[in-house]
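# Compute the structure for the input listed below.
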Amino acid sequence: MSGHGDAQPMTSAKCGPLRGTAAVPGDKSISHRALIFGAMAVGETKITGLLEGQDVLDTARAMRAFGADVVQHGAGSWSVHGVGVGGFMEPADVIDCGNSGTGVRLIMGCMATTAMTATFTGDASLRKRPMGRVTDPLSLFGTQAYGRKGGRLPMTVVGAATPVPVRYALPVASAQVKSAVLLAGLNAPGETVVIEREPTRDHSERMLLGFGAELSVEQGPEGHVITLKGRPELRPQTVAVPRDPSSAAFPTCAALIVEGSDILVPGVSQNLTRNGLYITLAEMGAQIEFLNPREEGGEPVADLRVRFSDDMRGIEVPPDRAPSMIDEYPILSVVAAFATGRTVMRGVKELRVKESDRIDAMARGLEACGVRIEEDEDTLIVHGMGAGGMPGGAVCATHLDHRIAMSFLIAGMAAKAAVSVDDASPIVTSFPIFEGLMNGLGAAIRRG
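Numbering: from 1, shown residues only. Reported below is the predicted structural model:
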């Protein structure tokens with residue numbers, strides 16, 4: 001999808017207690033990777049629990065374009081007959097990654113060291129996002145990239161015919177960049193080394209090991225040193241995708257701010273590189289219990305029991321926590337508006353280059369809802385108004401950003417007056433059942 005079509009306004013009004021079970025979709029990051037690694041393995045990979053949002057469907061379509069046989073068998077049940085490392089064929093048409101920064105950057109990585117040419121595009125939001133942070137390190141392998149001014153899509157990538165292994169220190173904490181370099185390193189000879197000063201989500205490393213790659217992670221004076229031996233034969237796997245902690249954040253945070261709520265959110269990933277929001281909420285005084293901890297698909301998971309918390313307090317979120325919760329700052333800023341005192345979020349400049357400038361989008365929308373905000377290039381500060389204290393009553397711009405849209409719809413569930421968003425259509429990219437799931441719990445979200 002290169003666009004979202006007609007805008008879909010939505011309005012969320014103050015509602016009664018949320019009750020029931022919130023079975024959120026599969027993890028988006030793991031779903032992308034399951035399709036991509038399955039396409040690079042030899043044989044059939046079976047996937048259950050795959051997120052069937054538009055972002056992941058676009059990645060499935062891209063893997064077909066590169067020659068893999070990708071088949072849907074039922075809800076969340078898929079198979080991928082892979083072509084092996086270095087076995088991709090040149091796509092016959094442009095690869096449209098829709099709204100997905102993860103999809104386009106990882107796919108660029110996995111074809112970057114194969115002698116072929118591919119052209120990538122996306123929707124209006126994705127075409128604004130910088131790709132140089134990926135194409136710069138990929139050029140070290142011998143890959144060439146030609147895009148619009150500022151390193152933006154549409155972009156043509158020419159894979160390296162004779163790739164060389166690289167040693168690359170990440171200048172910013174980014175799991176997408178790290179993963180793209182590791183994927184490129186799969187088809188390069190020798191050892192590719194990636195160094196990250198701060199740990200980021202480690203789904204790629206876990207999955208590479210599961211598929212049979214030789215990979216080690218060590219702590220050195222420079223930080224985490226990840227070493228990958230190139231040109232393995234990846235073995236097909238059975239992948240059970242756990243539920244997405246970023247999607248689970250929305251019903252969780254809704255229950256915390258809607259009076260009388262008590263819900264269960266089952267099977268949520270508790271990966272230590274993804275659980276920064278839940279640590280932060282606990283520090284704010286949120287009533288969240290982590291029940292039945294276990295492992296599914298190589299990832300730690302737990303069931304969350306979440307209850308209304310009327311005495312949450314603002315805190316200072318440590319900057320080094322940002323990589324483990326970068327997608328959750330928009331919904332955290334909503335929770336902060338219903339806490340008492342200031343919540344200070346520093347080290348969040350990465351939010352400026354997500355699907356939208358999320359700092360600006362949340363700041364303007366919260367201000368329109370009557371919340372006092374401070375911000376600079378790397379900081380967002382929310383002055384909380386206490387439980388039930390947000391006036392609301394605004395129409396908030398989403399800027400084609402699914403997380404902005406969902407965050408303001410959650411805000412409307414506890415604000416004094418209804419909150420509307422100008423376009424909720426991007427929600428389908430990551431959480432296609434959001435509207436039905438939330439209304440099933442007791443929310444009052446309506447279209448128009």
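# need the contact list for the residue nearest to residue 391 when sequence neighbours are not counted.
Excluding its sequence neighbours, the residue lying closest to residue 391 (C-beta to C-beta, 6 or more residues apart in numbering) is residue 370, at 3.4 Å. In short, each C-beta sits where N, CA and C put it, glycine included. Listed by C-beta atoms under 8 Å, 6 or more residues apart in numbering, the contact partners of residue 370 are 385, 390-394.
# same deal with residue 178?
By C-beta under 8 Å, 6+ apart, residue 178 lies in contact with 170, 194, 196, 200, 204, 226.
# Which of the residues you listed fall in strands?
Among these, the residues falling in strands (DSSP state E) are 194, 196, 226.
# neighbour-wise, which of those residues leads?
Within the ones in strands among the contacts of residue 178, neighbour counts (other C-beta atoms under 10 Å) peak at residue 194, which reaches 25 neighbours.
# who does that residue bridge with?
Residue 194 forms beta bridges with residue 168, residue 226, as assigned by DSSP bridges.
# Residue 78 versus the residue nearest to residue 391, what's the distance?
When distance is defined by C-beta to C-beta, to the nearest Å, residue 370 is 45 Å away from residue 78.
# before we move on, what about residue 163?
In terms of C-beta to C-beta, residue 163 sits 30 Å off from residue 78.
# List just the nearest of the contacts of residue 370 to residue 82.
residue 394 (48.1 Å; C-beta to C-beta).
# Give the buried residues for stretch 429-442.
Neighbour-count burial for stretch 429-442 flags 429-435, 437-438, 441-442 (criterion: 16 or more other C-beta atoms under 10 Å).
# Repeat that for stretch 256-276.
Judged by neighbour count (16+ other C-beta under 10 Å), stretch 256-276 contains these buried residues: 256-258, 261, 263-271, 273-276.
# re earlier: got TSV for the buried residues of stretch 429-442, with distance to residue 332 too?
Below are the buried residues of stretch 429-442 laid out as TSV (distance: C-beta to C-beta, whole Å):
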residue	distance to residue 332
429	20
430	17
431	17
432	23
433	22
434	18
435	22
437	20
438	18
441	20
442	22
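# Return the subset of the contacts of residue 370 lying in strands.
Short answer: these in strands (DSSP E) are residue 385.
# Selecting buried members of the contacts of residue 370 in PyMOL, what would you type?
Per 16+ other C-beta under 10 Å, the buried members of those correspond to this PyMOL selection:
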select buried, resi 385+390+392+394
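# so can I have CSV of the contacts of residue 370 showing distance to residue 222 and pLDDT?
Shown next, in CSV, are the contacts of residue 370 (distance: C-beta to C-beta, whole Å; pLDDT from 0 to 100):
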residue, distance to residue 222, pLDDT
385, 44, 98
390, 44, 98
391, 49, 98
392, 47, 98
393, 50, 98
394, 46, 98
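# which residue of this protein sits farthest from its center?
residue 162 (32.5 Å; C-alpha atoms, centre = their mean).
# for residue 137, helix, strand, or coil?
Three-state assignment for residue 137 (DSSP: H, G, I helix; E, B strand; the rest coil): helix.
# In this structure it contacts residue 183, no?
No. Taking C-beta atoms under 8 Å as the definition, residue 137 is not a contact partner of residue 183, at 11.4 Å.
# between the two, which one's more packed in?
More neighbours surround residue 183 than the other of residue 137 and residue 183, with 28 against 23 (other C-beta under 10 Å).
# which residues touch that one?
Residues near residue 183 by C-beta under 8 Å, 6+ apart: 36, 40, 106, 109-110, 112, 204.
# Swap in 10 Å and give it another go.
Going by C-beta atoms under 10 Å, 6 or more residues apart in numbering, residue 183 touches 33, 36-37, 40, 85, 105-113, 138, 192, 204, 208, 228.
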